[in-house]
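Student: Quick one: sequence plus predicted model below, questions after.
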Amino acid sequence: MTQHNRAKSDVFQPTGQIQFGIFFQGVNSGTIWKAAESGSQTDFESFRRIAQTAERGLFAAFFLGEGLRLREHLGRPHALDVVGRPDAQTMLAALASVTKNIGLVATQNTTYNDPADLAHRLASLDLISGGRAAWNIVTTDNAWTGANFRRGGYLDHADRYKHAEAFVETAKRIWDSWETPDGPARRVLHQGQHYTVDVTPRLPRSDQYRPVLFQAGDSPEGRNFAARQADVIFSAHPKFDDAVEFRKDLVERSRAAGRGANAVQIMPASEFILAATAEEAAEKKEWVRSLQIGPQQAVAYLEQFWGRELSSYDPDGPLPEIDPVVEETSETRGSGFHGAKARQLADQWRAEAKDKGLSIRQFVTSKTARIDSTFTGSYAAVADQAAEYARVGAVDGFNISPWLVPSGLDDIVNHLVPELQERGVYPTEYRGRTLREHLGLETPVRSADEAAAAVRA
Amino acid sequence: MRPLRAGQTRSSGLLSRDRCPEPLRWCPRWTPYIRSRSTSPPRLASLDYVSGGRAGWIVTAAEAPEAAAAVGRSSVTGAALGQEAAASVEVSRRLWDSWEDDAVIRDVGTGRYIDVDKLHYADFETPAGFAGPGYSVKGPSIIPRPLQGQLPVLAAASLIGEVPVEAVDAVLVSAPTPELLAAEVRDVRARVGAGVAVVAGLDVVLDARGQAAAARGALFDGGRAAFTGSADGLADFLADLLKEADGVRLHPASLFVEIEEPGPPGAAGLRRRGALRPVLQDGTFRDLLGLERPASRYASAPAVPAGAGK
């Protein structure tokens, strides 16, 4: 069977297909809350509506993020962006009852969870959803987040992937512990630097054997970790050339890990701004950006690098001439901002904004990470673009963050999906019942040796 | 399973407790060993959101060496169990209150999604003399205040004292036999006072599917009062019991037989007798228990000062 050969092959073979996931972010500056169409970020109805729309569009997966501590700005909770998300697994379990096919992906960190507890909870979601659960593995390590947890900030940054890998391997052993679908379960023991586990797992395998594993880290260590452990990478490289490079890099790492060239799929984070014509789409983009980066957001963006209040500066004027008061930005805005060299950055930015004649607001809009992940254009043009990704195998799909909740997927499902189907690059039905089947992933096979090792280790 | 049911039911309360194969489980029996002290109150708050205000929490505390070993901790025992439970309830209640009800303002004019003055750090620390390793939780919660404000917290009568009675909304009462149950309810009510609901627990085995209840009764291993008989007999028994208790918690011998076969056991008969209130469509679990929706403890507190989160 081709599928089988592909899985074992050391040669990368594009499937010629793409899939969609939806990433309901919950905490971010990309979700517009100021428009008349903006719905609740916490009511079940918002989640139900968007998940069912995604399912109508044959999306492979519905993702939820994870929050461990509210972001802060100048020492207080950040006020300007959408914040306050429900717990992922609780919400996904509820969504399992109002959806039939779509995969349900919970982002969960390896630092402030316990392997036995998390593996059990994910197995529960996998069972009640009929084999549709997945875990988006993330790591975190800072003491600021740890202040919300009994264990505090115990983990060194350098150790985070070592810790995560031991965690994931333990979770896999727990999911593998039932010898047959009816048991018996074998006891799982793990003795490591950061924790010990001694558990006889209580839940059987699911219809997809065990939850699918996503991974979102992008450092070299993160990529190697994914190449060894993950089924899908939730990448940060949606631009075509970057995506092609990232694929090459990952294929190399996956081969080096002994998993062949096709074992790990790639779904970059992305945003779609679509309309019937290119002109309308461009106008829509202006509107979207103006609501994502309002005057207050623009100033606040600079404040986190300057470390001081800048509210006296005109968002439509030039960047502040005053210098930052901090050496490095803190972790309180999230790990992506941590450790930027503030003074150096401020000098660069002032020069850049001056050169290009950009105001604070225009400059900040040009700096936000979403810029590279946005597909803007007519339905047909974006479908052509996506088809090219599929043809060369740059990605296996896109994980879409809607900028409106809950109606943000409507035009994608109603207009883009049919265009993609016409081009033969998008599913016309769900391939099977489980997420593993939708994604075309191999079912994990446990050799007799592995089974024995799982028990012994 | 609790959240799954939340998507499909409308009027029953959904309780989270330990030792269930659900994705949601949080109670002292398990959590003394869990690092994620602050993730579970938001998980319960989330159950409240997905269920439209029908979540509750049964706090239990028991020695559980197996659960402790699963997460590599030593088992909590003796007096420490009660302290763990009390601390867990206190952390949860603070976190649920840490967003005032109207904290999400969506004020386009000022660009503010939330009013920071209505968010509060929980700043919980275990009290002096805490038996286990002390800990602290910063807050605020990562999710807005639950729809019910505070989830109803239920605890077994045996735990009251170790967990202060003011910390719970309802106590669960059991007795060795059905005949002793009403008296036990009276005793507990005298002990806990008027502000707390008293809920009686009862195992139930009904005549069903052509089989006499007595023949099916061996399903229970004892320890809790068990009613064995017909659905009508159960209705009679509950009508009497509900003169003393604010509610009953039924433990059916079989989820399929006792719940599905005759309908909710005896419920229609009880309503006819006026012993059971009419179904509260779209009511919250607090409504069902006759509890007011409390204001946040921080509602009039001064705002989080700048720099407090460092």
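Tutor: Arrived safely. Since the structure is predicted, the reported quantities are computational estimates derived from the model, not experimental observations.

Student: Please state the offset of whichever strand or helix holds A:Ala298 from the chain centre?
Tutor: In the assignment (DSSP states H and E), A:Ala298 maps to helix A:295-306. Distance, stretch centre to chain centre, for helix A:295-306: 25 Å (CA atoms, centre = their mean, to the nearest Å).

Student: average pLDDT across stretch B:92-112?
Tutor: Averaged over stretch B:92-112, pLDDT sits at 96.

Student: contacting residues around A:Ser407?
Tutor: A:37, A:39, A:49, A:53 (CB atoms under 8 Å, 6 or more residues apart in numbering or on different chains). (Each C-beta comes from the backbone N, C-alpha and C, glycine too.)

Student: how about TSV for those residues, with secondary structure and pLDDT added?
Tutor: Output for the contacts of A:Ser407, formatted as TSV (DSSP: H, G, I helix; E, B strand; the rest coil; pLDDT from 0 to 100):
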residue	secondary structure	pLDDT
A:Glu37	coil	94
A:Gly39	coil	94
A:Arg49	helix	97
A:Thr53	helix	98
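
Student: quick revisit: mind listing what's buried along the helix holding A:Ala298?
Tutor: A:295-306 (16 or more other CB atoms under 10 Å in any protein chain shown).

Student: Same check on stretch A:414-426?
Tutor: Taking 16+ other CB under 10 Å as the criterion, stretch A:414-426 shows A:415-417, A:419-420, A:425-426 as buried.

Student: distance between the ends of it?
Tutor: Start to finish, the residues bounding stretch A:414-426 are 14 Å apart (CA to CA, to the nearest Å).

Student: just to revisit the earlier point, out of the buried residues of stretch A:414-426, name the ones that lie in helices.
Tutor: The members of the buried residues of stretch A:414-426 that map onto helices under DSSP state H are A:417, A:419-420.

Student: Ranking helices and strands of the chain by mean pLDDT, which lands last?
Tutor: This is for chain A. helix A:448-456 (a mean of 54; mean pLDDT, DSSP states H and E).

Student: oops, I was thinking of chain B
Tutor: Lowest-scoring helix/strand for chain B, mean pLDDT, DSSP H and E: helix B:2-6, at a mean of 54.

Student: residues near B:Gly129, how many?
Tutor: B:Gly129 sits with 7 neighbouring residues when counted by other CB atoms under 10 Å in any protein chain shown.

Student: okay, stretch B:178-188 in CSV with CA atoms only?
Tutor: Only the C-alpha atoms of stretch B:178-188 are listed here, as CSV (Å, rounded to 0.1, in the frame of the first residue of the first chain):
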residue,chain,number,x,y,z
PRO,B,178,-32.5,4.0,55.4
GLU,B,179,-34.3,4.1,58.7
LEU,B,180,-31.5,6.0,60.3
LEU,B,181,-31.1,8.5,57.6
ALA,B,182,-33.7,11.1,58.7
ALA,B,183,-32.3,11.2,62.2
GLU,B,184,-28.8,11.6,60.9
VAL,B,185,-30.0,14.5,58.7
ARG,B,186,-31.6,16.2,61.8
ASP,B,187,-28.3,15.7,63.8
VAL,B,188,-26.2,17.2,61.1
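
Student: just so I have it, where are all the strands in the stretch 51-200 of chain B?
Tutor: B:55-59, B:104-107, B:112-114, B:124-125, B:136-137, B:153-156, B:170-173, B:197-206 (DSSP state E, counting those that start in this stretch).

Student: Figure out which of those strands is closest to A:Thr139.
Tutor: Evaluated over the strands of the stretch 51-200 of chain B, closeness to A:Thr139 peaks at strand B:136-137, with 21.4 Å, by CB to CB.

Student: Just confirm yes or no for the closest one near chain A.
Tutor: Yes. Using CB under 8 Å from any CB of the partner chain, strand B:136-137 reaches chain A at B:136-137.

Student: strands paired with that strand, and their directions?
Tutor: Strand B:136-137 has the following sheet partners, assigned by DSSP bridges: strand B:124-125 (antiparallel).

Student: List of residues touching the partner strand?
Tutor: Under the criterion CB under 8 Å, 6+ apart, residues B:87, B:90-91, B:94, B:134-137, B:139 lie in contact with strand B:124-125.

Student: Go again with 6 Å.
Tutor: B:91, B:94, B:136-137 (CB atoms under 6 Å, 6 or more residues apart in numbering or on different chains).

Student: quick one: low-confidence parts of chain B?
Tutor: Scanning chain B for pLDDT under 70 picks out B:1-39, B:217-222, B:255-270, B:275-280, B:301-310.

Student: now the helices for chain B?
Tutor: Secondary structure of chain B (DSSP H): helices at B:2-6, B:40-50, B:65-70, B:79-97, B:178-192, B:213-216, B:231-241, B:255-260, B:267-273, B:285-289.

Student: Of the ones you listed, flag the one that's most buried.
Tutor: Most buried of the helices of chain B by mean neighbour count (mean count of other CB atoms under 10 Å in any protein chain shown) is helix B:40-50; its value is a mean of 27.

Student: Could you tell me the angle between it and strand B:55-59?
Tutor: 150 degrees (axes from the mean of the first three to the mean of the last three CA atoms, to 10 degrees).

Student: What's opposite A:Phe24 in the beta bridge?
Tutor: Those that pair with A:Phe24 in a beta bridge, by DSSP bridges, are A:Leu64.

Student: Compute the number of surrounding residues for it.
Tutor: 26.

Student: again with A:Tyr112
Tutor: A:Tyr112, neighbours per other CB under 10 Å, totals 27.

Student: And it, how close does it get to A:Phe149?
Tutor: 5 Å (CB to CB, to the nearest Å).

Student: now the strands: where do they sit in chain A?
Tutor: A:19-24, A:61-64, A:72-73, A:76-77, A:103-109, A:133-138, A:188-191, A:196-199, A:212-215, A:232-233, A:265-266, A:269-275, A:374-378, A:397-400 (DSSP state E).

Student: Partner strands of the fourth one, with direction?
Tutor: What it means is strand A:76-77. Under the criterion DSSP bridges, strand A:76-77 sits next to strand A:72-73 (antiparallel) in its sheet.

Student: now the strands of chain A as CSV including distance to B:Pro146 and mean pLDDT?
Tutor: Shown next, in CSV, are these (distance: least, CB to CB, whole Å; pLDDT from 0 to 100):
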stretch, distance to B:Pro146, mean pLDDT
strand A:19-24, 20, 97
strand A:61-64, 18, 97
strand A:72-73, 23, 88
strand A:76-77, 18, 90
strand A:103-109, 20, 96
strand A:133-138, 25, 96
strand A:188-191, 35, 93
strand A:196-199, 31, 92
strand A:212-215, 29, 97
strand A:232-233, 33, 96
strand A:265-266, 37, 97
strand A:269-275, 30, 96
strand A:374-378, 36, 95
strand A:397-400, 30, 97
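
Student: Looking at these, which is nearest to A:Asp316?
Tutor: strand A:72-73 (21.2 Å).

Student: can you pull the contacts of the most centrally placed residue in chain A?
Tutor: When CA atoms, centre = their mean is applied to chain A, the residue found nearest the centroid is A:Phe234 (4.9 Å). Counting by CB under 6 Å, 6+ apart, A:Phe234 makes contact with A:214, A:216, A:267, A:399.

Student: go on, B:Val168?
Tutor: Applying CB under 6 Å, 6+ apart, the residues near B:Val168 are B:153, B:155.
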